[in-house]
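Chemist: Here you go, sequence then predicted model.
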Protein chains: 2
Amino acid sequence: MNKKVKPTTLSGFMELLPEDQIKFNIMKQILKESYELFGFFPLDTPILEKSEVLLAKAGGETEQQIYRFLKGNTDITMRFDLTVPLAKYVAKNYNDIIFPFKRYQIGKVYRGERAQKGRYREFYQADIDIIGDGELNVVNDAEIPSIIYNVFKNLGLSDFTIRINNRKILNGFFEMININDKKTEVIRIIDKREKIGTSNFIKELHDLKLSNESCEKIIKFLEIKGDGEKIINELLKFDNKTDTFIKGVEELKVVYNYIANFGVPDENYMIDLTIARGLDYYTGTVYETTFNKHPEIGSICSGGRYDDLAEHYTSKKLPGVGISIGLTRLFSILHEMDYINDINDSPADVLIIPMINDISWAINTSTKFRTKNIKTQIYFEEKKLKNKISYANRNNILFVVFLGDEELKKDKITLRNMNSGEQNLLSVDEAIKVIKNELLLKNEEIINIK
Amino acid sequence: MNKKVKPTTLSGFMELLPEDQIKFNIMKQILKESYELFGFFPLDTPILEKSEVLLAKAGGETEQQIYRFLKGNTDITMRFDLTVPLAKYVAKNYNDIIFPFKRYQIGKVYRGERAQKGRYREFYQADIDIIGDGELNVVNDAEIPSIIYNVFKNLGLSDFTIRINNRKILNGFFEMININDKKTEVIRIIDKREKIGTSNFIKELHDLKLSNESCEKIIKFLEIKGDGEKIINELLKFDNKTDTFIKGVEELKVVYNYIANFGVPDENYMIDLTIARGLDYYTGTVYETTFNKHPEIGSICSGGRYDDLAEHYTSKKLPGVGISIGLTRLFSILHEMDYINDINDSPADVLIIPMINDISWAINTSTKFRTKNIKTQIYFEEKKLKNKISYANRNNILFVVFLGDEELKKDKITLRNMNSGEQNLLSVDEAIKVIKNELLLKNEEIINIK
């Protein structure tokens, strides 16, 4: 066989080296466990769906970005998010689902976007949603920030802020200043406010041909800052409040009041009236999460409350609240920031190196280690000792066990800690104790990504 | 919005209800942890690859079954196994990989086969492989059965047999009886021997126009049974042994001799000379795993030794040994057998039911529980108490906490065990102890699928 195909990976598709893959998986596992701590069901829907199902709602822009093809007579699309499959799932299984339905899903989604730095065509989303049958108490909206907080805290991050707003406040305010007809455009401009800067923001507002007075009011409104209580009091001072506005402030107040009970520290959340989150989908609470020292990254965890999850599939009213983390992008960001250098990326805790021909003793020892839940490899290849030790070093394996004539005679093993260089002749049981103690210490460190 | 799209799932695509999804995920997690215990790196390659990469080797049959499409000018194929992507990965990253390279991958693969019972178009494979650079010690082949054993033992199964053979023995035997030219056809017939029965097997052998003597010899050869030592002795008695045959018996002997050291009980493995495993790919040790009481299911975990993983991408010689478990099919089989009824499928350990308007106390309590790693939900909806308790029952949540005026006054909580019906007024710390103790017991049970 002479002609070789060049082994390449499609552009925009993340494929990690083994040690980075371990780090990625540890992050994924932390998300999974954080979501499960709040009692969410896991879900795993197909990556392929009928196009008519997946595109029941989609507009033109989505259609261009999707992977869509025919297989036989079936028009198939690869999922481009986890929300549409959830909507289908809940509508399809309505009679078997117990509401409120709390589910998380961590899975790959596909978007054929132009490949550029930080943009992936295949990437993991990690979503949670709480779906009500007909109605869903707003207190659920107060629980979401505590889930976000737990995820990032468990990832070892602390310098982040969960920004909370309520779309009803924005919508109500637009009613109050009589610019309802330009609502969509104004929200679009507010959304990109951070990116374009204040002067461009003001310019674009004026370009909409709003009255000077309206522009002034919007700018002034968005400048309302401070702690949550202060902001809520300022909002309540407006004197031509509409029902929508009042409802929004009430909801925001409930959310804000309960967040602390959920264990989120004051420094990790705030009310931010400039958070708008897109156009039609969200109808109440909205969330964004940003790194305090890296506003340029934008939101790393966003979501909100919506009135109707599955209107394209069922006439049942299914309101919900949820968030999404773009895990592939987040990993890529943290990797670039060198935030994840310290995650333990070794595939094993121990490498056993047999120094005599009969390897049954080495194998017996590996079995004893594994019974105690110690990740163990044996080096079977016939190489120089130098190569064997280098294998342990390059794989960041913390402990090496040597088994030679000397050890066999004494029925002991030589255990070397590759970090400290400390080396001791121990019984297998003693060695297990030493290893277990060290792993406990190491596991405490794993959590500290930063 | 009036016109609704019917929320359907593509046929041949498994989509589980929430409680089954928990069971599936527990099985997946057990596979992951079992593989990691042996020091395997995780890998996660893209689901899409360039067609020229994925089909570098494939023959006509594979091509018909694949999902292949154009996106722009790019000819794309969805992966149909995890071996070809591994071959590409190792060839591509040869300089960054430390050999021997031990990796596992659990991921979805796609085959457009005719949908029928037990056949899926999207399904999980769970693979492990050990790849050598130029060579790989045969002792690695002896470690594989212990990984298989650990996986099934940890899944709570015990009544299974790992069947081991060596392709060199079969190939050598065909040399010895001079039917080398019909090797491929004979192996194909041996492979389906169990399925077609002995008399059809003999008939098909004769249909190949082998001499009566050759047929007799094959039949007699396949009837060699007994414990491994006996079989190996029988094989060594043949008097016109070729080099291939001798090499095969030697390799089988090494594998057989070390399996017990790896902790696999005698009743869970055997040498079975009728295991052939397909045509060209495997070159040494081969494995199949069957349920003793359900031979009709066929092998649930198969694999073997191959000489050259990535010959289509690189001239580097990369021998390896590996196995694959079809997790989606295995889940479906175990589900049908009612083997997995006992897996705990509850999303939460505790449901907190607030009985007073101020829910801050309930939220504080949930935060305390979660800090102690207890999966906790709060029921926020305004329903009758009956509905709230029914929510806990239907979700199989073991503990319910009631927080009412009485409890608030005494600064205690009411904890009800939904299994026993036992109900006590306790401090939060006391309740945490009771819950933790019960969960420990429950976790021990989880392991016992059967």
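Modeler: Happy to help now that I have it.
Chemist: Pretty sure residue A:57 sits against residue A:312.
Modeler: Yes. Between residue A:57 and residue A:312 there is a contact under CB atoms under 8 Å: 5.1 Å. Where C-beta positions appear, they are placed from N, C-alpha and C, glycine not excepted.
Chemist: the more surrounded of the two?
Modeler: residue A:312 (20 against 16; other CB atoms under 10 Å in any protein chain shown).
Chemist: Nearest spatial neighbour of that one, chain-adjacent residues omitted?
Modeler: Nearest non-adjacent residue to residue A:312, counting by CB to CB, 6 or more residues apart in numbering or on different chains: residue A:56, 3.9 Å away.
Chemist: Who are the contact partners of residue A:51?
Modeler: Residue A:51 sits next to A:68, A:75, A:76, A:77 when contact means CB atoms under 8 Å, 6 or more residues apart in numbering or on different chains.
Chemist: Output the contacting helices and strands for the one helix or strand residue A:365 maps to.
Modeler: Using DSSP states H and E, residue A:365 maps to helix A:360-371. Packing partners of helix A:360-371 (3 or more CB pairs under 8 Å, 6 or more residues apart in numbering or on different chains; DSSP states H and E): strand A:350-354, strand A:376-378, strand A:399-403, helix A:428-446, helix B:139-154, helix B:243-259.
Chemist: let's go with 6 Å and repeat that
Modeler: Applying 3 or more CB pairs under 6 Å, 6 or more residues apart in numbering or on different chains; DSSP states H and E, we find helix A:360-371 packed against strand A:350-354, strand A:376-378.
Chemist: is the shortest one anywhere near chain B?
Modeler: Yes. Strand A:376-378 is in contact with chain B by CB under 6 Å from any CB of the partner chain, via residue A:377.
Chemist: Return the distance of that strand from the chain's centre.
Modeler: Offset of strand A:376-378 from its chain centre (CA atoms, centre = their mean, to the nearest Å): 33 Å.
Chemist: Repeat that for stretch A:124-143.
Modeler: Its chain's average C-alpha position is 16 Å from that of stretch A:124-143, according to CA atoms, centre = their mean.
Chemist: again with stretch A:345-359
Modeler: Taking CA atoms, centre = their mean, one finds the center of stretch A:345-359 at 36 Å from the center of the full chain.
Chemist: same deal with stretch A:80-99?
Modeler: Here stretch A:80-99 is found 20 Å from its chain centre; the criterion is CA atoms, centre = their mean.
Chemist: circling back: for the helices and strands packed on helix A:360-371, give me TSV that also has mean neighbour count.
Modeler: Formatted as TSV, these follow (neighbours: other CB atoms under 10 Å in any protein chain shown):
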stretch	mean neighbour count
strand A:350-354	24
strand A:376-378	25
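Chemist: Please tabulate the ones you listed in a markdown table, including the columns mean pLDDT.
Modeler: A markdown table is the format used below for these (pLDDT from 0 to 100):
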| stretch | mean pLDDT |
| --- | --- |
| strand A:350-354 | 97 |
| strand A:376-378 | 98 |
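Chemist: could you check the distance from the closest residue to residue A:301 other than its chain neighbours over to residue B:185?
Modeler: Leaving out its chain neighbours, the residue that sits closest to residue A:301 by CB to CB, 6+ apart is residue A:289, at 3.9 Å. The spacing between residue A:289 and residue B:185, counted by CB to CB, to the nearest Å, is 63 Å.
Chemist: cool, residue A:25 as well?
Modeler: Separation of residue A:25 from residue B:185 (CB to CB) stands at 44 Å.
Chemist: More neighbours: which of those two?
Modeler: In this view residue A:25 and residue B:185 are compared by other CB under 10 Å, and residue A:25 has more residues nearby, 19 against 15.
Chemist: From what I see, the more buried one and residue B:42 are in contact.
Modeler: Yes. Using CB atoms under 6 Å as the test, residue A:25 is close enough to residue B:42 to be in contact (5.0 Å).
Chemist: Just name the shakiest helix or strand of chain A by mean pLDDT.
Modeler: helix A:60-65 (a mean of 68; mean pLDDT, DSSP states H and E).
Chemist: For the very next helix or strand once past it, name the packing helices and strands.
Modeler: Under the assignment DSSP H and E, the closest C-terminal helix or strand after helix A:60-65 is strand A:68-71. Judged by 3+ CB pairs under 6 Å, 6+ apart, strand A:68-71 has no packing partners among the helices and strands.
Chemist: which residues are in contact with strand A:68-71?
Modeler: Under the contact criterion CB atoms under 6 Å, 6 or more residues apart in numbering or on different chains, strand A:68-71 has outside partners A:51, A:76, A:77, B:67, B:69, B:112.
Chemist: Show me the strands in the stretch 251-400 of chain A, by range?
Modeler: A:269-271, A:282-291, A:302-306, A:320-326, A:350-354, A:376-378, A:399-403 (DSSP state E, counting those that start in this stretch).
Chemist: Got phi/psi on residue A:166?
Modeler: phi -140, psi 120 (degrees, to the nearest 10).
Chemist: separation between residue A:71 and residue B:121?
Modeler: In terms of CB to CB, residue A:71 sits 9 Å off from residue B:121.
Chemist: anything in contact with each of the two?
Modeler: Common contacts of residue A:71 and residue B:121, defined by CB under 6 Å, 6+ apart, comprise residue B:112.
Chemist: Who has more neighbours out of those two?
Modeler: More crowded of residue A:71 and residue B:121, by other CB under 10 Å: residue B:121, with 21 against 17.
Chemist: give the contact list for residue A:16.
Modeler: By CB under 6 Å, 6+ apart, the contact list for residue A:16 reads residue A:24.
Chemist: With adjacent residues omitted, what lies nearest to the closest residue to chain B within the stretch 201-350 of chain A?
Modeler: Proximity of the stretch 201-350 of chain A to chain B (CB to the nearest CB) peaks at residue A:348, 3.3 Å away. Nearest-residue entry for residue A:348: residue B:39, 3.3 Å, with adjacent residues in sequence omitted and distances by CB to CB, 6+ apart.
Chemist: Based on its surroundings, how many neighbours for the one you found?
Modeler: As a burial measure, residue B:39 scores 22 neighbours (other CB under 10 Å).
Chemist: ditto for the one 3 residues further on
Modeler: Residue neighbour count, defined by other CB under 10 Å, stands at 20 for residue B:42.
Chemist: Give me the pLDDT for it.
Modeler: Predicted confidence (pLDDT) for residue B:42: 98.
Chemist: Also residue A:207?
Modeler: According to the prediction, residue A:207 has pLDDT 91.
Chemist: any idea how far it is from residue A:221?
Modeler: Applying CB to CB, the value for residue A:207 to residue A:221 is 19 Å.
Chemist: And the two? Which one has more around it.
Modeler: The neighbour comparison of residue A:207 against residue A:221 (other CB under 10 Å) goes to residue A:221, with 20 against 10.
Chemist: got the residues of the stretch 251-400 of chain A near chain B?
Modeler: A:258, A:261-263, A:311-313, A:347-348, A:360, A:363-364, A:367, A:370, A:375, A:377, A:380-381, A:394-395.
Chemist: and the residue lying farthest from the centre of chain A, what are its phi and psi?
Modeler: In chain A, residue A:409 marks the outermost C-alpha relative to the chain mean, sitting 53.1 Å out by CA atoms, centre = their mean. The phi/psi pair for residue A:409 (degrees, to the nearest 10) reads phi -60, psi -40.
Chemist: Run through the strands of the stretch 51-200 of chain A in chain order.
Modeler: In the stretch 51-200 of chain A, the segments counted as strands under DSSP E, counting those that start in this stretch are A:68-71, A:74-78, A:101-110, A:122-131, A:160-166.
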